[in-house]
Each structure stands twice: as structure tokens, then as C-alpha cells.
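**Q** below: sequence and its predicted model.
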Amino acid sequence: MIAVPVRAHALTPAQLVHHQAMSRNPSVRDALSTSYRIEGELDVDAFVRALAGAVRRCEALRIGVSRDPDTGEPFQWLRPEPTGRTLVTCQNVSNASEEEFARYARSVLAADIAKGYDLATDYPFTFRLLRHSARLHAFQVTFSHLALDGRGRSLFLADLWRYLAYLGGEARDEPAPPASFLASADAQAAELAERGDPTARFWQQRSSRLRAEAGPRDAVAPVAYAEEGVALTVEVGGPDLGELRERCRRAGCSEFQLTIAALAGALFRVSERDLLGITVFVDARTAAERDVPGMYTVPLTLFLRRSEDADALLREARREVVTLLWNRRVAGATLADFQAEIAASAGLTTDAAATYLKDLVPLRPVRVGPVLARPGAYDPVVHRLSGGADLLVNSREDQLRMRLRLGPRYAAPGVSSSILAELRAGVGLPPPG
């Protein structure tokens with residue numbers, strides 16, 4: 001075998017933190033997924049060409065990740081454009097009923113999610129196009145989280161549908177390609193190498209302060225990943241959504257800050273802890289990187305003190321979120337050190353997480369020519385979650401949707417129902433039915 005030299009590129013801080021987390025714990029889930037039900041006469045050849053063009057334009061979906069043999073440090077490199085089955089698997093499933101087809105599509109996507117990725121050898125994606133009939137297809141998408149974050153996924157899928165419209169003659173001009181992800185990663189690494197990490201002192205002081213403040217009631221035994229748990233959904237729309245957004249305006253806070261405070265109030269209600277850690281996933285893109293698909297989202301942990309005053313808890317959530325946003329351009333090594341110190345502290349537990357997504361492409365139907373692509377139709381039910389609480393907030397113009405997954409610590413019927421009632425109250429809704 002002839003070794004082909006590759007140009008080494010730096011990892012973004014977000015990639016570095018995620019890579020280290022996977023190295024410490026291989027069970028960390030490393031996949032983002034999306035499914036579409038495509039109705040109408042799909043030109044499969046045009047679709048595959050559009051997919052190839054979108055991947056060609058997205059550097060993040062052609063990365064490999066290896067370790068330097070001398071230093072052991074990870075780096076990324078650019079793979080050639082994929083072709084054939086390396087790009088997409090096309091499969092005919094026409095001998096099944098629509099119900100059987102849907103079950104099969106969900107099972108295939110669940111298997112792709114579960115297998116994970118080794119980017120030393122694999123492309124960071126899996127695409128499948130399943131055909132039930134000339135007028136019904138399933139498009140299954142799985143990405144390595146080391147390549148794309150939630151916004152990156154949305155940017156790539158938007159480019160795919162735009163490119164398909166261009167190939168179909170609906171747009172005269174080819175969509176402009178996104179800026180280079182690898183150049184962005186290298187530029188950030190060069191800036192950190194030249195200036196150092198301007199946030200390092202903040203994170204060091206934050207670690208010392210939190211470890212000093214933690215008390216004996218804040219020490220909670222860790223719970224491993226488990227299949228047990230419950231999933232709860234809260235949807236806010238119509239007049240209730242208008243009132244929620246007016247409340248945010250008066251309080252000078254965001255929807256996300258309000259939902260974090262509501263989650264904290266609910267968890268404080270069912271525990272004795274005085275200090276609650278919630279990991280929030282923050283997009284660290286600059287304005288110039290806003291439309292670059294890649295992995296920029298860093299996990300930052302906010303800590304809230306117990307308070308029976310909902311407004312005080314909201315003010316504290318707002319201060320914490322703003323402070324983290326100011327310090328989100330953190331070096332991967334700095335953030336990894338902070339996380340390790342918090343994890344090693346006997347009095348600090350971070351078993352809750354919250355993510356905010358706004359009007360993302362995977363959540364909206366897409367019409368291109370004669371076909372309509374409906375998202376989520378074949379998404380599998382994935383039960384695996386952490387031992388604590390994981391809140392996903394999806395915001396659209398007409399709806400705020402919260403999906404809360406509760407692990408074993410909070411899954412008992414009386415506990416989970418109390419959390420749901422408190423979460424609803426925190427966003428201005430009455431108790432459930």
C-alpha cells in the first residue's frame with residue numbers, strides 16, 4: 001500500500017472536546033439523524049447528483065480524523081469526494097406494505113445511529129434512499145457529531161434541497177458554496193496559538209469558586225447510561241405562546257433562559273440539592289462562520305442556586321447564560337480541564353442538559369418540483385439517555401416545543417409527573433389534563 005500524504009488541519013475546540021469525551025467514554029452517542037418521507041415522482045438520478053454536489057461543497061462531511069503518531073494529538077484531513085455506495089445506498093423495498101416499509105425504514109435508521117463512526121476510516125455520514133414505489137421514498141440521514149452540530153446539519157440539508165431545485169431548473173443560478181470549514185478551524189487554532197486563550201482565567205476562577213460553594217447536599221451519586229426512563233413533551237402555541245414571549249420581553253430574557261429556569265425549578269422541587277448544574281450546548285460560531293456547516297457547538301455548564309422565587313431563578317439563569325456566551329470562544333484544552341475538575345469534585349453533579357434549536361430545516365416540510373419531503377416520518381424511538389434530565393427546546397414562529405427525557409433518577413411516576421407540572425407552570429401553562 002502506498003501512503004498518500006494529507007494536509008493536517010486543526011480541530012475546532014468543539015471537535016476537540018467531543019473527541020476527548022468519546023475517547024474517555026466510547027458509549028457517548030456520536031450521531032445526528034434525520035429522516036424524510038418523500039412523496040411524489042422523485043428523479044432519483046437528479047437526487048443523487050444533488051447529494052453528491054452538496055457533499056462536495058461541504059468540507060465537514062469529507063473529513064477524516066487521525067492522531068499524530070509522534071504527539072498523539074488529533075488532527076483532521078480532507079477526504080476525496082465519495083462516489084457510489086460510499087455516498088449513498090439506494091434500496092428497493094417495494095414488496096412491503098406502507099406500514100412494513102415504515103417499520104423497516106425506522107429499524108435501518110436506528111441501526112445506523114447505533115453503529116457510530118470511526119473517522120480514521122469512515123466518512124462522517126450515512127445516506128440511504130429507500131424506494132417503496134415511484135411516488136414514495138424514504139431518505140435516511142445520519143451524521144457523525146464530530147463533523148456537524150445541529151446548525152451544521154440544518155445548513156447542509158438546506159443546501160441539498162436548494163441544489164436539487166437548481167438541478168431541476170427551479171433556480172437559474174447555482175447556489176453559492178459555503179465558506180471553508182477547515183480554513184475556519186485552522187484560523188481559530190492559529191489565533192489561539194498567537195494570543196493564548198483569553199477565557200482561560202475565567203474558567204479557572206469559575207472552577208475554584210464552584211468547588212468551594214458546593215455543599216454536601218449537592219453530591220449526588222452518578223447514574224450510568226440506561227435504557228430506563230420516560231419522555232415528556234410540552235407544546236406552547238396560540239395565545240399562550242404570545243403571553244410567554246411577552247413575559248420574556250418584560251423580563252429582558254430569552255425563551256431559552258426562561259425554559260432553563262423552568263427546568264431548574266422543576267428539578268429543585270424533587271431534590272434536596274442547593275446547587276444544580278445544567279449543561280447547555282452553545283454555538284460558538286462567529287458572524288463570519290454563521291453559515292459554515294461544521295462542528296462548533298461546545299458544552300458549557302451553568303450552575304443555579306436553589307430559590308423559591310421564580311423571578312430570582314430566572315434572573316440567575318439569565319446571568320449565567322450571558323456569562324457563558326461571553327466566554328464561549330474557549331480553547332478545547334481549557335474547557336476539557338474545567339470539565340475534568342468539575343467531574344472530580346465530590347460536591348458537584350451535572351446530570352441535566354438543555355439544547356435550544358430555532359426554526360431548523362429538518363423540522364419543516366420541503367417542496368422541490370413535484371416532490372414533498374416530510375421530516376421525521378421515519379425517525380426511530382431512541383430510549384437511551386443519561387441518568388438525569390435532558391431538555392430539547394425547538395422554537396418556531398408559531399410554536400415552542402419542549403421534549404424532556406428523564407433518566408432513572410427522575411423517572412418514577414410521582415417524580416416525573418411533578419417535574420412535568422412544574423415545567424408547565426414555569427412557562428405559564430396549567431397542569432396537564
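**A** Noted; the coordinates are in hand. The structure presented is a predicted model; accordingly, all values stated were derived computationally and were not measured.
**Q** got phi/psi on the nearest residue to Ala31 once chain neighbours are set aside?
**A** Spatially, and ignoring its direct neighbours in sequence, Ala31 is nearest to Ile113 (4.6 Å; CB to CB, 6 or more residues apart in numbering). In this view, the C-beta of every residue, glycine as well, is placed from N, C-alpha and C. Main-chain dihedrals, Ile113, degrees, to the nearest 10: phi -60, psi -40.
**Q** isn't Ile113 up against Ser33?
**A** Yes. Proximity of Ile113 to Ser33 meets the contact threshold set by CB atoms under 8 Å, at 5.3 Å.
**Q** which residues are common contacts for these two?
**A** Listed as contacting both Ile113 and Ser33 by CB atoms under 8 Å, 6 or more residues apart in numbering are Thr142.
**Q** any idea how far Thr142 is from the residue nearest to Ala31?
**A** Between Ile113 and Thr142 the distance is 6 Å, computed by CB to CB, to the nearest Å.
**Q** do a quick rundown of the strands in the stretch 301-433 of the chain.
**A** 350-358, 366-368, 371-375, 389-395, 399-406 (DSSP state E, counting those that start in this stretch).
**Q** tell me the contacts of the residue most central in space within the chain?
**A** Centroid-nearest residue in the chain: Gly150, 4.4 Å away (criterion: CA atoms, centre = their mean). By CB under 8 Å, 6+ apart, the contact set of Gly150 is 32, 281, 297, 355, 357, 360.
**Q** if we can go back for a sec, of the strands of the stretch 301-433 of the chain, which shows the lowest average pLDDT?
**A** The stretch with the lowest mean pLDDT among the strands of the stretch 301-433 of the chain is strand 350-358, at a mean of 83.
**Q** tilt between it and strand 399-406?
**A** 160 degrees (axes from the mean of the first three to the mean of the last three CA atoms, to 10 degrees).
**Q** packing partners of strand 350-358?
**A** Packing contacts for strand 350-358, counted by 3 or more CB pairs under 8 Å, 6 or more residues apart in numbering; DSSP states H and E, involve helix 255-269, strand 275-283, strand 389-395.
**Q** all helices for the stretch 51-200 of the chain, in order.
**A** Assigned by DSSP state H, counting those that start in this stretch, the stretch 51-200 of the chain shows helices spanning 84-87, 98-115, 150-167, 181-195, 200-213.
**Q** wait, which of those is closest to Tyr378?
**A** For Tyr378, the closest of these is helix 98-115, at 3.9 Å, according to CB to CB.
**Q** then the closest one to PDB, C-alphas only?
**A** Taking Å, rounded to 0.1, in the frame of the first residue of the first chain, the C-alpha atoms of helix 98-115 are listed here in PDB:
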ATOM      1  CA  GLU A  98     -46.500   1.100   3.600                       C
ATOM      2  CA  GLU A  99     -46.700   0.100   7.300                       C
ATOM      3  CA  GLU A 100     -44.000  -2.600   6.800                       C
ATOM      4  CA  PHE A 101     -41.900  -0.100   4.800                       C
ATOM      5  CA  ALA A 102     -42.100   2.500   7.700                       C
ATOM      6  CA  ARG A 103     -41.100  -0.100  10.200                       C
ATOM      7  CA  TYR A 104     -38.100  -1.200   8.100                       C
ATOM      8  CA  ALA A 105     -37.100   2.500   7.500                       C
ATOM      9  CA  ARG A 106     -37.100   3.100  11.300                       C
ATOM     10  CA  SER A 107     -35.100   0.000  12.000                       C
ATOM     11  CA  VAL A 108     -32.500   0.800   9.400                       C
ATOM     12  CA  LEU A 109     -32.000   4.300  10.700                       C
ATOM     13  CA  ALA A 110     -31.800   3.100  14.300                       C
ATOM     14  CA  ALA A 111     -29.100   0.700  13.300                       C
ATOM     15  CA  ASP A 112     -27.100   3.500  11.600                       C
ATOM     16  CA  ILE A 113     -27.400   5.600  14.700                       C
ATOM     17  CA  ALA A 114     -26.200   2.800  16.900                       C
ATOM     18  CA  LYS A 115     -23.100   1.900  14.900                       C
END
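**Q** please point out which parts of that helix sit buried.
**A** Buried residues in helix 98-115, defined by neighbour count with 16 or more other CB atoms under 10 Å: 101-102, 104-106, 108-110, 112-113.
**Q** dump these to JSON lines, plus distance to Ala52 and pLDDT.
**A** Shown next, in JSON lines, are the buried residues of helix 98-115 (distance: CB to CB, whole Å; pLDDT from 0 to 100):
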{"residue": "Phe101", "distance to Ala52": "25", "pLDDT": "95"}
{"residue": "Ala102", "distance to Ala52": "27", "pLDDT": "94"}
{"residue": "Tyr104", "distance to Ala52": "25", "pLDDT": "95"}
{"residue": "Ala105", "distance to Ala52": "22", "pLDDT": "95"}
{"residue": "Arg106", "distance to Ala52": "26", "pLDDT": "94"}
{"residue": "Val108", "distance to Ala52": "21", "pLDDT": "95"}
{"residue": "Leu109", "distance to Ala52": "21", "pLDDT": "94"}
{"residue": "Ala110", "distance to Ala52": "26", "pLDDT": "91"}
{"residue": "Asp112", "distance to Ala52": "19", "pLDDT": "93"}
{"residue": "Ile113", "distance to Ala52": "23", "pLDDT": "90"}
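**Q** hang on, the earlier thing: among the helices and strands packed on strand 350-358, which comes closest to Thr89?
**A** strand 389-395 (28.5 Å).
**Q** what angle do the closest one and helix 150-167 make?
**A** Calculated by the same axes, to 10 degrees, strand 389-395 forms an angle of 40 degrees with helix 150-167.
**Q** who's in contact with Ala340?
**A** Here Ala340 is in contact with no residue (CB under 8 Å, 6+ apart).
**Q** so what's it scoring on pLDDT?
**A** 83.
**Q** report the buried members of the contacts of Gly150.
**A** 32, 281, 297, 355, 357, 360.
**Q** nearest to Arg329 among the residues you listed?
**A** Thr297 (12.5 Å).
**Q** dump the residue contacts of the closest one.
**A** 14, 149-151, 281-284.
**Q** nearest to Arg135 among those?
**A** Checking the contacts of Thr297 against Arg135 with CB to CB, the nearest one is Gly150 at 30.9 Å.
**Q** for the closest one, give its distance to Thr301.
**A** Here the criterion is CB to CB. By it, Gly150 lies 18 Å from Thr301.
**Q** what's the answer for Arg56, then?
**A** Arg56 sits at a distance of 38 Å from Thr301 (criterion: CB to CB).
**Q** looking only at neighbour counts, state which of the two leads.
**A** Thr301 (20 against 16; other CB atoms under 10 Å).
**Q** pretty sure the more buried one is touching Thr350, no?
**A** Yes. Because the distance of 5.3 Å satisfies CB under 8 Å, Thr301 is recorded as touching Thr350.
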